[in-house]
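K.L.:
dropping the sequence and predicted coords here.
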Amino acid sequence: MTTGSGAPAGAGSGRTAAALARNDAYLRGFVEALGLCPYAKACREGGRLHRRVLLSRGGEPGTAGFAQAVSEAAAAALELERPLHDSVEVALLLFPALTPALAR
């Protein structure tokens, strides 16, 4: 499993780790435990799950913060199309700091 922070090395590493821990709890305690996806556990354990944590706050549509968050999300999605990600079956972009305006 590969992860990324969407921030320079060392910046926000605690927030990244916390977001990944919350996602782990969700995947194991909900998705896998309830059998919502029969492939989830094998994908995670087989290293075919890619998670990228993006720490942008976003903002109201039309603001610089909104544009930055959208740009970071698009770049992260495009990165998954690179050949080195051939083994990725599931990719999750995690936005733990996103403002409600961008979440809509």
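P.N.:
On my side now, so go ahead.
K.L.:
now the strands: where do they sit in the protein?
P.N.:
Using DSSP state E, the strands of the chain run over residues 2-4, 49-53, 90-94.
K.L.:
which one of those is the most hemmed in?
P.N.:
Among the strands of the chain, ranked by average contacts under mean count of other CB atoms under 10 Å, first place goes to strand 49-53 (a mean of 22). Using the backbone N, CA and C atoms, a C-beta is placed for each residue, glycine as well.
K.L.:
what separates the residue of the chain most remote from its centre from residue 33, distance-wise?
P.N.:
What lies farthest from the middle of the chain is residue 62; by CA atoms, centre = their mean that is 23.3 Å. According to CB to CB, to the nearest Å, residue 62 and residue 33 sit 41 Å apart.
K.L.:
contact partners for residue 98?
P.N.:
56-58, 69 (CB atoms under 8 Å, 6 or more residues apart in numbering).
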